[in-house]
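Trainee: below: sequence and its predicted model.
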Amino acid sequence: MEDGEIARFENVSKIYHQGKIQVAALKDFSFKMKKGDFTVVSGPSGSGKTTLLNVLGALDVPTSGAVYLEGRNLSALDRTELSRIRRDRIGFVFQAYNLIPVLTAYENAEFVMAIQGVPRKERRQRVMAILKDIGLEGLEDRRPDELSGGQQQRVAIARAIVTNPVVVLADEPTANLDSHTADSLLEIMEVLNHQKGITFLFSTHDPRVMERAHRIIRLTDGMLMSDEEQP
Amino acid sequence: MILTMAWRNLWRRKRRTLITSSTVAIGLWVAMSFAGIADYSYTKMINTSASMGYGHVSVEPADYINSPTFNKRIADAEGLRDEIMKTEGITHASIKIIGQGMFGTATKAVGGLMLGIDPSRERPTENLFLRSIVEGTPFNNADSREVVVGKKLAEKLNLKIGKKLVYTATDATGNIVSEMARVSAIFKTGEETVDGSTILLPINQLRRTLHYGPRDATLISIFIDDQRQAPRIRTMLQKKLNPAGIDIWTWRETQHELAGTIALDRTLHNLFQLFVWLLVAAGILDAILMSVLERKREMGVMMAIGMSPGALFRLVIIESFLTALLGLGIGILINTPWYWYMSTTGIDLSSMVPEGYGAGGVLVDPVIKIRIYKESVAITTVSFFSLTLLAGLYPAFKASRVPPVESMKTS
């Protein structure tokens, strides 16, 4: 493992079966990711962006090749270990926010820490600090259906970063948001990346996200087309 | 956190939760009612049967149970009775001579059961015949030459108060002996077989007739407050009396027919309870499974962000448990006034049950009441929670196997 490297894809292919048809979502894909990256995976629908995030997020296993997170081969881990990796090392932000509807904003944000077994007092300190940072102070007791889309996505970001994960995987995080809200959220994530060194990997074709990225990976039909650093 | 989520999840579909919990409550009500009716009626039948002669526990000459002849007897039964009465938990013990005989008048004769009792020590509370007197006054002297007969027997032999009856039996030495007695009272228990074949005689008079010693008897019937303690009392007495030459039995051994009837009824009752619980469990399974399938996406998300399969399993099991707990709460609300009414007033089925209806040789009380024992409550409650948790197992297993990626694609 190279210095600063947190994730590595080695000749990863992922093939899905849709009836008798085989669909290759990723083809012989190799890639490395370093701590503090603010990377975008871009490409048209069906190009394999979400599959890439799912495989790195220990939600899916490659058909061939290997994915390493902090030097551990994810394919070699069982269900429980994968679930622990997701809980402790990865933060997720989804397009559809995916908050737990019966929990308040505060409880959603503390959810992962609660299942980690972090003491209540520490959870409170960390969650309140993050909710303040992302502008949700005063909305802690609201349920998701009492929050706007942008507010829900902020809660999702709080949930993703509050555990200090190795990487935050954000799958089309701005797709359901208006441009003003999307900008404000991207700014929050950019600040978190700059100030706290949190690593982000986005899957998107939103130009606003791509503008802020340090690195853009372009996929087409599951194959790596380009991997460019941006100033 | 999991408990909070489980509780809130229940209230996402209020109507469904209330319907499911009410189903549980109704199941509990049915189960508790039937358990209570069974406990009450079995106890009533056992106590009635005990007061027909043998008591809850009986002390008899060895092997008398298999071959009840008058040549077998307990020597110094009086002394033994005094010893027995010192035992903790025994409310009363009475000495009896019990056995078969022939009863005749000038024109007719029938066979039946002779019961020699000591009127000074026989209390109506422990003697069904004495508390069922419908005519005359029972003898009050153990030496008198009087007899108390059943109503049906009196009709068969055309007996009236003051009339003479001759009873014949095989005595302690194996000889046929006869004695005459005047009818002083007539009883009617309502159980026709009993009323048509039983006579009560003063014990000392019967001792003389059968050539027994003045302290001999064939039976010491022992009464206790709680019939369920009979096996414990029997064991205690066996240790205490060191029973050479005597047998100690509980009502189960002396009243085979009743014990069999109760065992059969209890088995059917347990089967019925099982069906009720299976129906309740099916209702819970359906509701919880539906709720899991509806939340597949949400569970996929929880799994994706790190909730372990075990934690998801626990979440659903807790939801199932809380549904049961809610059902228990509603069940208590339903059961409390019902239990109070049924334990004090009950339901009178006299108009539907023929007079003298009996089971296991004992008259059945047509007033249905409830008295539920702690162990029945415990068994019902444990079965109830076990089945509820079992019903939650499959949905919980399904939840723990939710594939995150596919589940998050569902709407």
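Mentor: Perfect, I can see it now. Numbering: from 1, shown residues only, chains lettered A, B, ... in the order given.
Trainee: can we go C-alpha only for contacts and neighbour counts from here?
Mentor: Fine.
Trainee: what about stretch A:136-150, start to end distance?
Mentor: With CA to CA, to the nearest Å as the measure, the first residue of stretch A:136-150 is 10 Å from its last.
Trainee: any bit of that stretch sitting next to chain B?
Mentor: No - in terms of CA under 8 Å from any CA of the partner chain, no part of stretch A:136-150 sits within range of chain B; the closest distance is 11.8 Å.
Trainee: got a list of contacts for that stretch?
Mentor: The list of residues contacting stretch A:136-150 from outside it, by CA atoms under 8 Å, 6 or more residues apart in numbering or on different chains, reads A:97, A:99-106, A:128, A:131, A:151-152, A:154-155, A:176-177, A:181-182, A:185.
Trainee: pull out the buried residues from it.
Mentor: Of the residues in stretch A:136-150, A:136, A:139-140, A:143-144, A:149-150 count as buried by neighbour count, 16 or more other CA atoms under 10 Å in any protein chain shown.
Trainee: run through the neighbouring helices and strands of the lengthiest helix in chain A.
Mentor: When every helix of chain A is counted residue by residue (DSSP state H), the longest turns out to be helix A:179-196. Other elements packing on helix A:179-196 under the criterion 3 or more CA pairs under 8 Å, 6 or more residues apart in numbering or on different chains; DSSP states H and E are helix A:149-161, helix A:207-212.
Trainee: angle of the longest one against helix A:179-196?
Mentor: Calculated by axes from the mean of the first three to the mean of the last three CA atoms, to 10 degrees, helix A:149-161 forms an angle of 20 degrees with helix A:179-196.
Trainee: quick one: helix A:149-161 to chain centroid distance?
Mentor: Between the centre of helix A:149-161 and the centre of its chain there are 12 Å (CA atoms, centre = their mean, to the nearest Å).
Trainee: over to stretch B:193-206?
Mentor: Offset of stretch B:193-206 from its chain centre (CA atoms, centre = their mean): 26 Å.
Trainee: what about it, how long is it end to end?
Mentor: With CA to CA as the measure, the ends of stretch B:193-206 fall 23 Å from one another.
Trainee: point me to the residue of chain A nearest chain B.
Mentor: When distances are taken as CA to the nearest CA, chain A reaches nearest to chain B at A:R87, 3.7 Å away.
Trainee: point out the most buried one among the helices and strands packed on helix A:179-196.
Mentor: Among the helices and strands packed on helix A:179-196, helix A:149-161 has the highest mean neighbour count (mean count of other CA atoms under 10 Å in any protein chain shown), at a mean of 25.
Trainee: could you list every helix and strand in contact with whichever helix or strand comes after that one?
Mentor: On the C-terminal side of helix A:149-161, the nearest following helix or strand under DSSP states H and E is strand A:167-171. Under the contact criterion of 3+ CA pairs under 8 Å, 6+ apart, strand A:167-171 touches helix A:49-56, strand A:90-93, strand A:199-203.
Trainee: please report how far B:I318 lies from B:I332.
Mentor: Computed as CA to CA, the B:I318 to B:I332 distance reads 20 Å.
Trainee: which one of the two is surrounded by more residues?
Mentor: The residue with more neighbours, out of B:I318 and B:I332, is B:I318; 21 against 16, by other CA atoms under 10 Å in any protein chain shown.
Trainee: phi, psi of residue 148?
Mentor: No chain was given, so I picked chain A. Dihedral pair for A:S148: phi -70, psi 170, per degrees, to the nearest 10.
Trainee: was after chain B, sorry
Mentor: On the backbone of B:V148 - angles per degrees, to the nearest 10 - the values are phi -110, psi 130.
Trainee: pull the helix or strand with minimum mean pLDDT from chain A.
Mentor: Taking all helices and strands of chain A together, the one with the lowest average confidence (mean pLDDT, DSSP states H and E) is helix A:179-196, at a mean of 83.
Trainee: what does it rub up against?
Mentor: For helix A:179-196, contacts defined as CA under 8 Å, 6+ apart pick out A:36-38, A:134, A:150, A:153-154, A:174, A:198-200, A:208-209, A:212.
Trainee: for it, buried residues please.
Mentor: Of the residues in helix A:179-196, A:181-182, A:185-186, A:188-190, A:192-193 count as buried by neighbour count, 16+ other CA under 10 Å.
Trainee: now stretch B:90-104
Mentor: Of the residues in stretch B:90-104, those with enough neighbours to count as buried (16+ other CA under 10 Å) are B:90, B:92-104.
Trainee: now do that stretch: distance to the chain's middle.
Mentor: Using CA atoms, centre = their mean, we find the averaged C-alpha position of stretch B:90-104 to lie 23 Å away from the chain's own average C-alpha position.
Trainee: residues contacting B:G300?
Mentor: When the contact criterion is CA under 8 Å, 6+ apart, the partners of B:G300 are B:402-408.
Trainee: just the pLDDT for it.
Mentor: At B:G300, the model reports a pLDDT of 90.
Trainee: now do A:V55
Mentor: At A:V55, the model reports a pLDDT of 91.
Trainee: surely it meets A:S64?
Mentor: No - here A:V55 lies out of contact with A:S64, judged by CA atoms under 8 Å, at a distance of 11.4 Å.
Trainee: secondary structure element for the one residue in chain B that gets nearest to chain A, which one?
Mentor: As assessed by CA to the nearest CA, chain A sits closest to B:G306 within chain B, at 3.7 Å. Following DSSP H and E, there is no helix or strand that holds B:G306.
Trainee: residues near it, how many?
Mentor: Using other CA under 10 Å, B:G306 has 30 other residues around it.
Trainee: hang on, the earlier thing: any chance of the helices and strands packed on helix A:179-196 in JSON lines with mean pLDDT and distance to B:M114 as columns?
Mentor: Rendered in JSON lines, the data for these read as follows (pLDDT from 0 to 100; distance: least, CA to CA, whole Å):
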{"stretch": "helix A:149-161", "mean pLDDT": "88", "distance to B:M114": "87"}
{"stretch": "helix A:207-212", "mean pLDDT": "86", "distance to B:M114": "105"}
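Trainee: related to what we said a few turns ago, tell me the one of the buried residues of stretch A:136-150 nearest B:M352?
Mentor: Proximity of the buried residues of stretch A:136-150 to B:M352 (CA to CA) peaks at A:R143, which lies at 59.6 Å.
Trainee: that older thread, so can I have JSON lines of the contacts of helix A:179-196 showing distance to A:R72?
Mentor: Conversion of these to JSON lines gives the following (distance: CA to CA, whole Å):
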{"residue": "A:G36", "distance to A:R72": "19"}
{"residue": "A:D37", "distance to A:R72": "19"}
{"residue": "A:F38", "distance to A:R72": "22"}
{"residue": "A:I134", "distance to A:R72": "32"}
{"residue": "A:G150", "distance to A:R72": "35"}
{"residue": "A:Q153", "distance to A:R72": "30"}
{"residue": "A:R154", "distance to A:R72": "30"}
{"residue": "A:T174", "distance to A:R72": "31"}
{"residue": "A:I198", "distance to A:R72": "20"}
{"residue": "A:T199", "distance to A:R72": "18"}
{"residue": "A:F200", "distance to A:R72": "19"}
{"residue": "A:R208", "distance to A:R72": "33"}
{"residue": "A:V209", "distance to A:R72": "29"}
{"residue": "A:R212", "distance to A:R72": "30"}
